[in-house]
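S.K.: Return atomic coordinates for the entry below.
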Amino acid sequence: DPALLQLWYRFSYSLSVGAACRFVALKQRRLLVSGTMSSFSSEERTAPFTLEYRVFLKNENGQYIAPFHDIPIYADKDVFHMVVEVPRWSNEKMETGELHYVANLFPYKGYIWNYGAIPQTWEDPGHNDKHTGCCDNDPIDVCEIGSKVCSRGEIIRVKVLGISAMIDEGETDWKVIAINVDDPDAANCNDINDVKWLKPGYPEATVDWFKRYKVPDGKPENQFAFNAEFKVKDFAVDIIKSTHDYWRALVTKKTDGKGISCMNTTVSESPFQCDPDAARAIVDALPPPSENTGANWNRFSYD
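M.R.: Model (predicted):
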């Protein structure tokens, strides 16, 4: 299936894609995982701002990989990989179905962090979280608070600092707060309380943004567990580890993924592992990249 290996964020988790992207398509660009020798390249197909748009990742051997399954969760001891899904200040989401853009919630412009997910994690909707209830059927989300505006599809190494439990239409949607290990503030950021000191107002703005970001679409405000307080680093790491266990059960077919794509090229114990040549054939069958000027998202919402 052409959608199985695409870098689509909610990324290669579904069988169809509707994707929007703000930048002009490049035929190929090279991404270096910060501080490591592992390199990845991203490859775009068709035009941004269209339902047919795709982005794929290759590993250092030039083989196409599934961002969900083939990028290791850990970059180092106590350091996690993050796949950037939405660069800071941009509005375009990468999802299935219709094109979707988040509104500029005054005074914010687009997403207020680099937003993405930790690979090899999965919030199992069949599991009732002991803290908050039902999970949301996605990899665990990350808000990266460093100073660099990342690129869509970039893979960075992050330190986990804390976590918030958003309740989105009855489902738990964990939001990890993290910082790029190469950020100038990373050495002084080791827990959520450091964020409150180094970047005063940022945690509160994060809660406010997630609370209101669906209101312009006519939906109610989101709620939060724990009185909207952030939990500390150790709590966050425990949650991430549990979602890694759920992912392993998913990719080894020990639990029902209910249609989620588990196709991968590197997980040897997975019955869904495919030959790299089969993955390449999927990509080669798609049209080449093309330019699209897209939409202008400078208007603000005051809801």
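S.K.: Specify the beta-bridge partners of E44.
M.R.: Legend: beta-bridge partners of E44 under DSSP bridges are V55.
S.K.: State the pLDDT value of it.
M.R.: E44 is assigned a pLDDT of 83 by the prediction.
S.K.: again with L31
M.R.: The predicted local confidence for L31 is 43.
S.K.: the helices in the stretch 201-303 of the chain, which residues?
M.R.: Using DSSP state H, counting those that start in this stretch, the helices of the stretch 201-303 of the chain run over residues 202-212, 233-251, 276-284.
S.K.: then the longest one to PDB, C-alphas only?
M.R.: So the one you mean is helix 233-251. What follows is helix 233-251 as a C-alpha-only set of coordinates in PDB (Å, rounded to 0.1, in the frame of the first residue of the first chain):
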ATOM      1  CA  LYS A 233      10.500  14.000  34.400                       C
ATOM      2  CA  ASP A 234      10.500  10.600  36.200                       C
ATOM      3  CA  PHE A 235       6.800  10.300  35.800                       C
ATOM      4  CA  ALA A 236       7.000  11.200  32.100                       C
ATOM      5  CA  VAL A 237       9.700   8.700  31.400                       C
ATOM      6  CA  ASP A 238       7.600   5.900  33.100                       C
ATOM      7  CA  ILE A 239       4.700   6.800  30.800                       C
ATOM      8  CA  ILE A 240       7.000   6.800  27.700                       C
ATOM      9  CA  LYS A 241       8.300   3.400  28.700                       C
ATOM     10  CA  SER A 242       4.800   2.000  29.100                       C
ATOM     11  CA  THR A 243       3.900   3.200  25.600                       C
ATOM     12  CA  HIS A 244       7.000   1.600  24.200                       C
ATOM     13  CA  ASP A 245       5.800  -1.700  25.700                       C
ATOM     14  CA  TYR A 246       2.400  -1.200  24.000                       C
ATOM     15  CA  TRP A 247       4.200  -0.500  20.700                       C
ATOM     16  CA  ARG A 248       6.200  -3.700  21.000                       C
ATOM     17  CA  ALA A 249       3.000  -5.700  21.500                       C
ATOM     18  CA  LEU A 250       1.500  -3.900  18.500                       C
ATOM     19  CA  VAL A 251       4.400  -4.500  16.100                       C
END
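S.K.: What are the buried residues along it?
M.R.: 233, 235-236, 239-240, 242-244, 246-251 (16 or more other C-beta atoms under 10 Å). The way it works is simple: take the backbone N, C-alpha and C, and place the C-beta from them, glycine included.
S.K.: Kindly report the same for the shortest one.
M.R.: Using 16+ other C-beta under 10 Å as the test for burial, helix 276-284 gives P276, A279, R280, I282, V283.
S.K.: Pipe the residues you listed into CSV and attach distance to N114 and pLDDT per row.
M.R.: Below are the buried residues of helix 276-284 laid out as CSV (distance: C-beta to C-beta, whole Å; pLDDT from 0 to 100):
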residue, distance to N114, pLDDT
P276, 29, 93
A279, 27, 91
R280, 29, 92
I282, 28, 88
V283, 26, 89
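S.K.: Which one of the helices of the stretch 201-303 of the chain lies nearest to S290?
M.R.: helix 276-284 (15.6 Å; C-beta to C-beta).
S.K.: sorry, back to before: what's the least confident stretch among the helices of the stretch 201-303 of the chain?
M.R.: Across these, helix 276-284 gives the lowest mean pLDDT, at a mean of 91.
S.K.: could you say which helix or strand contains W197?
M.R.: helix 192-198 (DSSP states H and E).
S.K.: Just give me how far that helix sits from the chain centre.
M.R.: Offset of helix 192-198 from its chain centre (C-alpha atoms, centre = their mean, to the nearest Å): 23 Å.
S.K.: Quick check: mean pLDDT of it?
M.R.: Computed over helix 192-198, the average pLDDT equals 97.
S.K.: picking that back up, okay, the buried residues of helix 233-251 in CSV with distance to P87 next?
M.R.: As requested, the buried residues of helix 233-251 are exported to CSV (distance: C-beta to C-beta, whole Å):
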residue, distance to P87
K233, 25
F235, 28
A236, 23
I239, 25
I240, 22
S242, 28
T243, 24
H244, 25
Y246, 28
W247, 25
R248, 30
A249, 32
L250, 28
V251, 28
